[in-house]
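>>> fold the following and give me the result.
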Amino acid sequence: MIRFVPPLLRNPAFRWYFVARTSSHLGDGLISIALLFGALGLGASPTGVGLVLLAGRLPVVVFTLVGGVVGDLVSRRAVMLAADVVRCASQGLTAALLITGTAALWHLAALQAVAGAANAFFVPAAAGLVADVVPEGQRRQANALVNTAQNAAALVAPVVSAALVATIGAGVSFAVDAITFAVSAAALVALRVPDRSMPRRPALLDALRHGWRDFRARPWLQATTVQVAVINGVCISPFLVLGPIIADQRLGGPLAWAFIGNGYAAGALLGSTVALRWRPRRPLRAAVTIPVALAPLLVLLAAGAPVPVLAAAAVPAGVQAALYAVLTDTARQVHVPADLVGRATGFSTVVGLAAAPVGMALAGPAAERVGTDAVLLIGALVAVVSAPLALAVRSVRQLPAEAEPGH
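A predicted model of the protein is given here:
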């Protein structure tokens, strides 16, 4: 059986890193359903539910950039470990409050804000730690393996969480969530990685300015960041807001929407598997083109296609999301200096994340003004047009898979 284990997982350092990331992804996947039904169980209105969800997401937008800087200046492993401890504590306390019946809505909002802030430090540090743990030539495979685990968790975790909420209660789902972060922390304790040499540790603002100068000096990094933001704001966010409404009104309700979502998650898992073997010579040329695969799903949803057709169209949409993530993550880890990867990830992530709530906030008013179908069709058009616009940047077309000598 050992010959079927990917060679990277035989590397003890990467194996512990993989366990930490996989457990953390599983924990992230458990939260959404448990939080939603936990809030509803406390009598929250739709507005209250939205505020609780926003409380968990807003700190990610606010603190991700700071998290990227901190991850470049100190031990990335230590940053991830601290974030896991905080998330374990916050979700464990949420579980205790729900199980004992003493929780209030503001408890959920406050504790999810703490967990969101911790996540904002964990993600950039985790992206940078790949460069510390894995040799350059193996980073694409490392990202693909982690992405595969993430997408598998996206398939499994909601089902587990829903089963726990339905049979035992949301509090128990949060307790299991806390355990996943404890497992991640234990794996990070076992992980041994050489200390990065840093002759002089700059001040936080100086480090931020240095990271921004490097970000501005890389047109390919700016182009992919802008594309992600546009796709999130104009394509994905309206889909997530308007899709459930269409499913409720035209397609048969929540089960139909879940079926479409499973198609997307299955596609993402397939895309991660493809990324393990696919090695394009010009990775960003491929990456910025594949968001076109979103367009059929948006067009078919606007056209009122039946659920099986929509679920089938969601598969390539999920494939493109996974491939895009692996190719762009690897490009940053290979072509950005190792001591700046966290900041590059922070800048890219915060711009993309900030666009999502803006898109969600505007999707409803836009649909009321021009119609739900029109908003989705505009999103499909943007997904298609974003590819040639990104390809117009020469460094996007020419960036090689491997770093040039002297990098």
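
>>> lowest-pLDDT helix or strand in this protein?
In the chain, no helix or strand scores lower on mean pLDDT, DSSP states H and E than helix 204-216, which sits at a mean of 65.

>>> following element in sequence after it, please.
Using DSSP states H and E, the next helix or strand after helix 204-216 towards the C-terminus is helix 219-230.

>>> quick check, distance from that following helix to the centre of its chain.
Centroid separation for helix 219-230 versus its chain: 16 Å, with Cα atoms, centre = their mean, to the nearest Å.

>>> who touches it?
Contact with helix 219-230 is made by 215-216, 284, 287-288, 291, 324, 328, 331-332, 335-336, 344, 347-348, 351-352, 354-355, 382, 386, 389-390, 393-396, 399, as judged by Cβ atoms under 8 Å, 6 or more residues apart in numbering. For the C-beta atoms, the positions are set from N, CA and C on the backbone; glycine is no exception.

>>> from these, which land in strands?
Using DSSP state E, no member of the contacts of helix 219-230 falls in strands.

>>> may I see the PyMOL selection of the buried members of these?
Buried subset of the contacts of helix 219-230, written as a PyMOL selection, criterion 16 or more other Cβ atoms under 10 Å:
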select buried, resi 215+284+287+288+291+324+328+331+332+335+336+344+347+348+351+352+354+355+382+386+390+393+396+399
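
>>> among the contacts of helix 219-230, which lie within helices?
215-216, 284, 287-288, 324, 328, 331-332, 335, 344, 347-348, 351-352, 354-355, 382, 386, 389-390, 394-396 (DSSP state H).

>>> got the buried residues for the host helix or strand of Leu30?
Taking DSSP H and E as the criterion, Leu30 maps to helix 12-41. Neighbour counts over helix 12-41 (16+ other Cβ under 10 Å) mark 13-31, 33-40 as buried.

>>> roughly how far is that helix from the heart of the chain?
How far helix 12-41 lies from its chain's middle: 12 Å, per Cα atoms, centre = their mean.

>>> could I get the full set of helices for the stretch 101-250 of the chain?
Counting by DSSP state H, counting those that start in this stretch, the stretch 101-250 of the chain has helices at residues 105-133, 139-167, 170-190, 204-216, 219-230, 237-246.

>>> so which elements touch the shortest one?
Taking 3 or more Cβ pairs under 8 Å, 6 or more residues apart in numbering; DSSP states H and E as the contact definition, the neighbouring helices and strands of helix 237-246 are helix 254-275, helix 295-303, helix 341-370, helix 372-391.

>>> thought Phe174 was touching Ala95, still the case?
Yes. Counting by Cβ atoms under 8 Å, Ala95 does reach Phe174; the two are 3.8 Å apart.

>>> between these two, which is the more surrounded one?
Phe174 (32 against 25; other Cβ atoms under 10 Å).

>>> show me the contacts for the more buried one.
The contact partners of Phe174, by Cβ under 8 Å, 6+ apart, come to Leu30, Ile31, Ala34, Gly38, Gln91, Gly92, Thr94, Ala95, Leu98.

>>> can you tell me which of these is nearest Arg76?
Of all the contacts of Phe174, Arg76 sits closest to Gln91, with 22.3 Å by Cβ to Cβ.

>>> for the closest one, give me phi and psi.
phi -80, psi -30 (degrees, to the nearest 10).

>>> please tell me I have it right and it contacts Leu108.
No. The criterion here is Cβ under 8 Å, and Gln91 misses it with Leu108 at 10.8 Å.

>>> what sits in contact with each of these two?
With Cβ under 8 Å, 6+ apart, Gln91 and Leu108 have no common neighbours.

>>> what is the burial count for the closest residue to Ala113 other than its chain neighbours?
With Cβ to Cβ, 6 or more residues apart in numbering as the criterion, Ala113 has its nearest non-adjacent residue at 4.7 Å, and that residue is Ala55. Neighbours of Ala55 under the rule other Cβ under 10 Å: 21.

>>> quick one: contacts for Ala55?
Leu108, Ala109, Ala110, Gln112, Ala113, Gly116.

>>> apart from its chain neighbours, what residue comes closest to the first one?
For Leu108, the nearest residue in space outside its immediate sequence neighbours is Val52; the separation is 5.2 Å by Cβ to Cβ, 6+ apart.

>>> same check on the last one?
The spatial neighbour of Gly116 that comes closest, neighbours along the chain excluded (Cβ to Cβ, 6+ apart), is Pro59 at 3.8 Å.

>>> please verify my assumption that the one you found contacts Ala120.
Yes. Assessed by Cβ under 8 Å, Pro59 is found in contact with Ala120 at 6.0 Å.

>>> higher neighbour count, those two?
Counted by other Cβ under 10 Å, Pro59 and Ala120 do not tie: Ala120 has more neighbours, with 25 against 19.

>>> measure that one to Ala13 for me?
25 Å (Cβ to Cβ, to the nearest Å).

>>> also Ala354?
Ala354 is 33 Å from Ala13, by Cβ to Cβ.

>>> ok, now Ile245?
Using Cβ to Cβ, Ile245 is found at 47 Å from Ala13.
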